[in-house]
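**Q** I would like the atomic coordinates for the input below:
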Amino acid sequence: MGWRSVMISRPARLRREHFSLAIEQEQTAFVPFEDIAVIVLDHREITLSHPVLSACAEYGIGLYATGQNHQPSGVFLPFLSHSRTTRLMRKQLDIGKPVAKQAWANIVRRKIENQAQSLNLSKKHGVDRMKSYANRVRSGDPDHLEGQAAAYYFTQLFGQGFHRAEECWTNAALDYGYAVFRGAIARGLVAHGLHPPIGLFHASEQNAFNLADDLIEPFRPLVDLHVHNHHAATEGGLAPQDKASLVALLNVDVAMPQGRMSALSAIEYAVESLARLYEQDDSNLDLPKLIGLHAHVLEC
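**A** Numbering: from 1, shown residues only. Predicted structure coming up:
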């Protein structure tokens with residue numbers, strides 16, 4: 001599994017050279033394809049060859065393109081053949097409501113717990129109230145505690161005047177970080193034979209990533225915490241270093257039942273547990289716990 005996040009924000013030509021991605025700028029850099037998890041293209045003067053696209057598919061690399069606003073606007077996902085694809089599609093469509101509702105409750109509960117930890121690490125008030133929300137989540141979240149918690153959480157983290165519809169650096173950074181995680185999760189779903197449009201809770205006919213939008217929820221507070229730590233001294237639009245640091249969150253450590261690991265590795269385990277949900281009706285998903293913003297250290 002790849003572990004590097006490659007972000008290109010200056011004019012470049014990308015080509016394949018044997019087993020590596022060649023990035024031609026003032027000088028040419030080479031990155032082994034097998035090391036790459038995601039590539040983000042964030043400049044209008046980037047060109048790439050068809051063999052690069054083929055390599056992304058071959059190595060399971062998620063390739064992001066950004067729009068005029070420099071927010072991720074599309075992702076190229078590998079069309080991987082998988083022995084369980086058809087069977088899993090049927091199981092996704094036929095999943096029992098009690099199992100789906102319990103799984104969604106587990107996702108919401110972990111999301112709110114991570115939001116509480118985000119407030120705790122930010123030295124903000126409201127941690128106990130967030131924990132109370134988490135403890136009261138029931139199957140299917142019929143009381144919509146996710147929404148109640150979010151409304152309270154964002155004003156505690158970013159201030160009473162903050163709202164998500166406002167055009168500002170903070171919301172642009174949140175949207176960028178969420179989009180990166182959404183694409184990384186979609187990449188993992190496809191690689192495991194799951195179909196991103198078929199969600200557990202999200203069910204919009206116009207959303208090709210409903211299942212990714214389910215699984216992203218416990219990962220969002222990681223982005224929130226990072227943005228909080230940088231937003232106070234920042235004005236204007238997202239700078240290249242802002243975007244690079246948001247992409248790098250995929251390499252920040254979280255706690256999983258299997259141990260401490262990067263968020264990117266945690267996504268793989270979370271997706272594997274989601275596949276077990278459909279195969280075995282096991283709603284106990286492996287979901288991340290927020291522990292801070294420490295970059296994962298590879299052991300040699």
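**Q** what about H228, which helix or strand?
**A** With secondary structure defined by DSSP states H and E, H228 is part of helix 220-231.
**Q** Show me the strands in the stretch 1-150 of the chain, by range?
**A** Counting by DSSP state E, counting those that start in this stretch, the stretch 1-150 of the chain has strands at residues 4-8, 12-17, 20-24, 28-32, 36-41, 46-48, 62-66, 72-76.
**Q** Ok, the stretch 151-300 of the chain next?
**A** Taking DSSP E, counting those that start in this stretch as the criterion, the stretch 151-300 of the chain carries its strands at 253-256, 259-262.
**Q** Identify whichever of the ones you listed lies nearest to R136.
**A** strand 253-256 (23.1 Å; C-beta to C-beta). Placement of C-beta: from N, CA and C, glycine included.
**Q** Can you point out the buried residues in that closest one?
**A** For strand 253-256, the buried set under the neighbour-count rule, 16 or more other C-beta atoms under 10 Å, comprises D253, V254, M256.
**Q** Output those as TSV; include the columns pLDDT.
**A** Converted to TSV, the buried residues of strand 253-256 look like this (pLDDT from 0 to 100):
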residue	pLDDT
D253	96
V254	97
M256	97
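**Q** which of the residues you listed lies closest to S73?
**A** Taking C-beta to C-beta as the measure, V254 is the one of those closest to S73, at 27.0 Å.
**Q** For the closest one, which non-adjacent residue is spatially closest?
**A** Using C-beta to C-beta, 6 or more residues apart in numbering and skipping the chain neighbours, the partner closest in space to V254 is P288 (3.9 Å).
**Q** phi, psi of the one you found?
**A** Phi and psi for P288, reported as degrees, to the nearest 10, are phi -80, psi 150.
**Q** show me the contacts for it.
**A** Shown here is P288, whose contacts under the criterion C-beta atoms under 8 Å, 6 or more residues apart in numbering are R110, N114, P218, F219, L222, V254, A255, M256, A263, A266, A270.
**Q** burial of the last one, as a residue count?
**A** Residues contacting A270 under the criterion other C-beta atoms under 10 Å number 25.
**Q** so how far is R260 from it?
**A** When C-beta to C-beta, to the nearest Å is the yardstick, A270 and R260 sit 15 Å from each other.
**Q** With the fifth one instead?
**A** Plainly put, L222 is 14 Å away from R260 if you go by C-beta to C-beta.
**Q** Repeat that for the first one.
**A** Relative to R260, R110 is positioned 16 Å away (C-beta to C-beta).
**Q** Neighbour count: those two, which is higher?
**A** Taking neighbours as other C-beta under 10 Å, R110 and R260 compare with R110 leading, 22 against 15.
**Q** residue nearest the centroid of the protein?
**A** F181 (1.7 Å; C-alpha atoms, centre = their mean).
**Q** got a list of what that one touches?
**A** I216, F219, R220, L222, V223, L249, L250, A263, I267.
**Q** so how far is A12 from the third one?
**A** Right, the one you point to is R220. Shown here: R220 relative to A12, a distance of 31 Å by C-beta to C-beta.
**Q** and if you look at the first one?
**A** Relative to A12, I216 is positioned 29 Å away (C-beta to C-beta).
**Q** and what of the fourth one?
**A** Applying C-beta to C-beta, one obtains 29 Å for the distance of L222 from A12.
**Q** cool, and Q68?
**A** With the distance defined as C-beta to C-beta, Q68 ends up 19 Å from A12.
**Q** neighbour count winner among these two?
**A** Using other C-beta under 10 Å as the criterion, Q68 and A12 rank with A12 on top: 19 against 7.
**Q** beta partners of that one?
**A** I46 (DSSP bridges).
**Q** Quick check: it touching I23?
**A** Yes: under the criterion of C-beta atoms under 8 Å, A12 makes contact with I23 at 5.5 Å.
**Q** buried set for stretch 265-273?
**A** Buried residues in stretch 265-273, counting neighbours by 16+ other C-beta under 10 Å, are found at S265, A266, I267, E268, Y269, A270, V271, S273.
**Q** quick one: contacts of that stretch?
**A** Outside stretch 265-273, the residues touching it (C-beta under 8 Å, 6+ apart) are 1, 3, 181, 184-185, 188-189, 191-192, 194, 215, 219, 254, 256-258, 261, 282, 284-288, 296.
**Q** Which ones among those lie within helices?
**A** F181, A184, I185, G188, L189, A191, L215 (DSSP state H).
**Q** Now the common contact residues for L222 and R260.
**A** Contact with both L222 and R260 is made by residues V254, according to C-beta under 8 Å, 6+ apart.
**Q** domains for the protein, by residue range?
**A** 4-76, 85-280 (automatic domain parsing).
**Q** Any idea which of those domains gets closest to G292?
**A** Counting by C-beta to C-beta, and looking across all of the domains of the chain, nearest comes domain 85-280 at 6.3 Å.
**Q** Having no further points to raise, I will conclude here.
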